[in-house]
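>>> Next input, structure requested:
(one chain, ligands or ions: 1)
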Amino acid sequence: MELVDIGANLSHESFRADFDAVLSRARDHGVAQIVVTGASAGGSRAALELARAHPGFLFATAGVHPHHAHEVDDAAEALLRELAVAPEVRAIGETGLDYFRNFSPHAAQVAAFERQLAIAVDTGKPLFLHQRDAHADFIACLDNVRGRIGPAIVHCFTGERDELIAYLDRGFHIGITGWICDERRGQHLRDLVKLIPSDRLMIETDAPYLLPRDLHPKPSHRRNEPMYLAHVCAAVAAARGEDVGTTAASTTANARAFFTL
Ligand SMILES: [Zn+2]
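You can find the predicted model right below:
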């Protein structure tokens, strides 16, 4: 079984001390390739450096998370444009809108999102998208560039049915994390994941965040890492009522086609 983790924040400081061990544990648990998320200007540069150091295994995205939208000025956009054309960078993002935490004002988030959508239009690279509690504005921004962007994935989908349908109607792919393993918050996701066509579904850990809540034994630390992607895959397969090998094969094929891995 070969898996692809399409979203891992491996430039996060929590991986600094045992980075090589994290990668070898991932390999031992079937993770064949990882797309390292760029979530800030500096983090995107670091993600590219990691991809360059591990060719064929690690790849990168280049973008600024809506939490850091205030940092997307002309200089940051110029850096993102420079990173975006690197061959190891396989998507623009993560970018989008997050009105749940509101670490940046809405207007700043929309402006930063629009700048990054323009980079996706100009480079033709896929989009790695984040949305939380901002569905209407998020869709409006994306509809403004409809027909001019390449493929897009809404990563870490945790939304409601109408949001999922709106994304599927627009041809977007859907990323599912270990959120689905949460016995309290994940139940609606276990129902919705059945609605995702098998050629639109991908899986991710979002490490070091979103450690699956039902791991046995629980790791002593709270850090998530790519080795737990097999656990996410099994939860997605169970929710869809399909064999885990089927889910693994389809999500891996989708990731490889989408990110040209
Ligand atoms: Zn995200």
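>>> Span of stretch 46-64 from start to end?
For stretch 46-64, the first and last residues are 13 Å from each other (CA to CA, to the nearest Å).
>>> now check it, is it near the ion?
No. Residues of stretch 46-64 are not located near the ion by CB under 5 Å from the ion, the shortest gap being 10.1 Å. All C-beta spots, glycine's among them, are computed from the backbone N, C-alpha and C.
>>> List the contacts of that stretch.
10-11, 23, 32-41, 44, 71-72, 76, 80, 83-84, 86, 88-95, 112, 116, 128, 259, 261 (CB atoms under 8 Å, 6 or more residues apart in numbering).
>>> in it, what's buried?
Under the neighbour-count criterion of 16 or more other CB atoms under 10 Å, stretch 46-64 has 46-48, 50-51, 54, 57-64 buried.
>>> would you list every one of the strands in the chain?
Taking DSSP state E, the strands of the chain run over residues 3-8, 31-36, 58-62, 89-98, 127-132, 152-154, 173-176, 201-203.
>>> What score does whichever residue of the stretch 151-261 of the chain sits closest to the ion have for pLDDT?
Proximity to the ion, evaluated over the stretch 151-261 of the chain using CB to the ion, is greatest for Cys156 at 4.9 Å. With respect to pLDDT, Cys156 scores 97.
>>> what's near enough to touch the residue lying closest to it once chain neighbours are set aside?
Using CB to CB, 6 or more residues apart in numbering and skipping the chain neighbours, the partner closest in space to Cys156 is Thr177 (4.8 Å). Going by CB under 8 Å, 6+ apart, Thr177 touches 7, 155-156, 158, 203-206, 210, 232.
>>> who's sitting farthest from the centroid in the chain?
Pro217 (25.9 Å; CA atoms, centre = their mean).
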